[in-house]
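>>> what would the 3D arrangement of this be:
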Amino acid sequence: MDQMSEKQRWILFFAIAMAVIYFYSVQTQKRQLAQEQERQKEALAQQHENWAAQGDGLSSGVLTISDTGTTVSAPQPAQRPAAKFSAQTFRNYPGVSSEETIHVHTKRLDVTLTNRGGRPLSWRLLLNGDSSVDLHNVELIPQRTDPDVIERPLEVMFKKFDDNYGPLNQLLMLSETTESEDGETTTVRFLSAIVEGVQLEKIYRFHQNSWLTELDLRITNHSPLRLAIGSDGGRGVGLSWGPGLIDYTEEITSSDKRYFNVLSMTGDKLYYKTPKPEKDPLEIKRPVSWGGLESRFFGVFIIPRENPAEGGSVALVRSRNMPDEEDRKNFIGLPVSYELYSGALALQPAPHEASAATLAYQLFTGPKDLHSLGDVNETLDDFAGKPGVIDLKRSLFASSWNWMRFLCLTLYRALNKVNEWTGSWGLAIILLTVLVRLITHPLSHKAMKEQAKAMESMKLLKPQIDAINEKYKNDPGKKQTALMEMYKKNGVNPFAQLKGCLPMFIQFPIFIALYYMLNQSIKLRGAEFMFIRDLSQPDHLIAFATMTGGAIKKLPWLGEYFNILPILWGLTQFSITKFTSQSSLNQDPNQKIMMYMFPIVFPVLLYTMPSGLMLYWLVSNIWQFGHQIYAKRAIHQDAAEA
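Alright, predicted model coming up:
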């Protein structure tokens, strides 16, 4: 067998790497498909509930699950049921004639509520501890300019037979704000008018040092008749968040859009998927212990005390909430509305003590990091009545396999620990890279030395190899036999060079884990290091407009900024490839093309990667280049001593 050239090794490396990536993606798709089918089997009946009754304008198709797969019929026109309520049925609270806003400010949140339905107009996270508008603080509610949008977060949905009480969310309510004596809790109470014997009360409790907000919904039956609240699907009272999540003030990247998702925790399974416009809602009829929307760095999760919520959850995209062109740029994903339902309720006639029902919720609105989620878990244990029932840390790296998630969390904890020592996230990434390289060094060094020795042995055998190639150039079978006999006679393993690829594949899972971890680590958001202003974004060294005096503002694929880290990575990769090729047996033109192609093409593909990830890869390349020099000298020293 002829020796393996540099070109062949690169081709083999890419082939195996692509096979690994393909296998990983296929398995991920299979896993998501299995979850979706299981969800459909639980969630779908012969026909979906009529969403048009809530004013969403969606049609429902009929989905049938069988052993042969899922069949979707054509959507059927949504029919609005005959409503008993007239326009005069719903009225504002007596004496309340104008809309008012209530502002609540804590050390963690800055919230503006309206007395129209007791809903929030603005919900800002104060990540730096004050209310100034900067990169650190985030508005969770997309601010819409189109006047036709009427849905807002934390709306309440429930029905009495075919009567829909959704319009309660549009009515003016009586509002009252109180402060606790110690100033740690702000309570905002909203009370609706009595509509057909039913009254809704919403009570918010904001705490100074918590990402959790308490929300109680109290429904009172003032009529002399028993009140049954529920729909055909067995759902009772629903609480929603939507449409959409996050009003971005900085550049929205592909990474931001990729990590927008819908989560629902059922038992020990976490379902994650985003619904599509004009498609059937994603419905889970299993008991849901918590769920909501997540972005790359932040999450809004609704946690019911009725744990789990027997009514399940629904995530959908209402056509009336689709943003116009001006607002679309501020959306990281679709304007998804997430609804979490209780089970059906039965309220006795007034003044019976069971004429009212209170549904208690905790609302997490905050950053997805281990420290914040770990703190709220302790509070949620008390809320649920027993420990371990609710674990919001499951939202971290939720889409990864369990072993990959474990690796991500391990690296995440290591990065946080190193940052505690250094006080710099950029320096922490560099030291973590060195730590990973040190851990993999013994195996990498051994493989590199074996590869280099094999290449040196092949160089010594080159005259014999050339002679065999020439002698049997027209007889591949005999040439193969002669080469193997020659290798055996000289004690050379022709496949030893492949061991040099082993370090790459050892680090491949680590690199994938670091990619997920560095991409989703909120601690890097806004973190500066040297010339880098934000480690969660590309390094943005200088704007093309500044470089060209305004002549060029944006380039295809590259965007508006010149990023130096991908270029530096390409230079280090070129140095590594060239150094490796110097020891190669063949120096043909195709090998040179491969040597130049990789360091040129990949910096373009990686150009918009977060600078924190590129910093890791750059430092890793520098380490590998130095390691190659060291290994080569060690081999020559061993040969001299021998």
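
>>> could you list the low-pLDDT ranges of the stretch 401-550 of the chain?
Low-confidence segments of the stretch 401-550 of the chain (pLDDT under 70): 449-457, 493-504, 506, 547-550.

>>> could you redo the last one with a cut-off of 80?
The model of the stretch 401-550 of the chain has pLDDT under 80 over residues 440-466, 469-480, 483, 486-508, 511, 543-550.

>>> all helices of it, in order?
Assigned by DSSP state H, counting those that start in this stretch, the stretch 401-550 of the chain shows helices spanning 402-422, 425-460, 462-471, 476-489, 502-520, 544-547.

>>> need those in CSV (columns: mean neighbour count and distance to residue 575).
Yep, even glycine has a C-beta here, placed from its N, CA and C like the rest. Putting the helices of the stretch 401-550 of the chain into CSV (neighbours: other Cβ atoms under 10 Å; distance: least, Cβ to Cβ, whole Å) gives the following:
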stretch, mean neighbour count, distance to residue 575
helix 402-422, 16, 27
helix 425-460, 18, 16
helix 462-471, 13, 26
helix 476-489, 14, 32
helix 502-520, 19, 17
helix 544-547, 14, 26
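
>>> now those helices as JSON lines including distance to residue 99?
Shown next, in JSON lines, are the helices of the stretch 401-550 of the chain (distance: least, Cβ to Cβ, whole Å):
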{"stretch": "helix 402-422", "distance to residue 99": "44"}
{"stretch": "helix 425-460", "distance to residue 99": "44"}
{"stretch": "helix 462-471", "distance to residue 99": "86"}
{"stretch": "helix 476-489", "distance to residue 99": "86"}
{"stretch": "helix 502-520", "distance to residue 99": "39"}
{"stretch": "helix 544-547", "distance to residue 99": "43"}
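
>>> nearest to residue 157, out of those helices?
helix 502-520 (31.8 Å; Cβ to Cβ).

>>> that closest one to helix 402-422, inter-axis angle?
70 degrees (axes from the mean of the first three to the mean of the last three Cα atoms, to 10 degrees).

>>> if you count contacts, what does helix 502-520 end up packed against?
helix 6-43, helix 402-422, helix 425-460, helix 611-641 (3 or more Cβ pairs under 8 Å, 6 or more residues apart in numbering; DSSP states H and E).

>>> give the rounded mean pLDDT of the first one.
Spelled out, it's helix 6-43. Mean pLDDT, helix 6-43: 54.

>>> any idea how far residue 573 is from residue 623?
13 Å (Cβ to Cβ, to the nearest Å).

>>> can you check residue 487 too?
33 Å.

>>> for residue 239, give me its contacts.
Contacts for residue 239 (Cβ atoms under 8 Å, 6 or more residues apart in numbering) come out as 154-157, 215, 217, 302, 339-340, 359, 361.

>>> contacting residues around stretch 432-446?
With Cβ under 8 Å, 6+ apart as the criterion, stretch 432-446 contacts 411, 414-415, 418, 502-503, 506-507, 510, 514, 616, 619-620, 623, 627, 631.

>>> one step back: now flag whichever of the contacts of residue 239 is closest to residue 282.
residue 339 (10.6 Å).

>>> any idea which element the closest one lies in?
strand 336-343 (DSSP states H and E).

>>> which strands or helices does that strand pack on?
Against strand 336-343 (3+ Cβ pairs under 8 Å, 6+ apart) you get strand 235-241, strand 290-294, strand 298-304, strand 312-317.

>>> lowest average pLDDT across those?
For those, mean pLDDT drops lowest on strand 312-317, to a mean of 84.

>>> and the contacts of that one?
43, 51, 56, 58, 235, 238, 243, 262, 264, 273-279, 281-288, 291, 334-341.

>>> which of the residues you listed are buried?
Those of the contacts of strand 312-317 that meet the buried threshold are 43, 51, 56, 58, 235, 238, 243, 262, 264, 273, 275, 281-288, 291, 334-341, by 16 or more other Cβ atoms under 10 Å.

>>> what's around the closest residue to residue 433 other than its chain neighbours, how many residues?
Leaving out its chain neighbours, the residue that sits closest to residue 433 by Cβ to Cβ, 6 or more residues apart in numbering is residue 619, at 4.4 Å. Residues near residue 619, counting by other Cβ atoms under 10 Å, number 20.

>>> thank you, goodbye.
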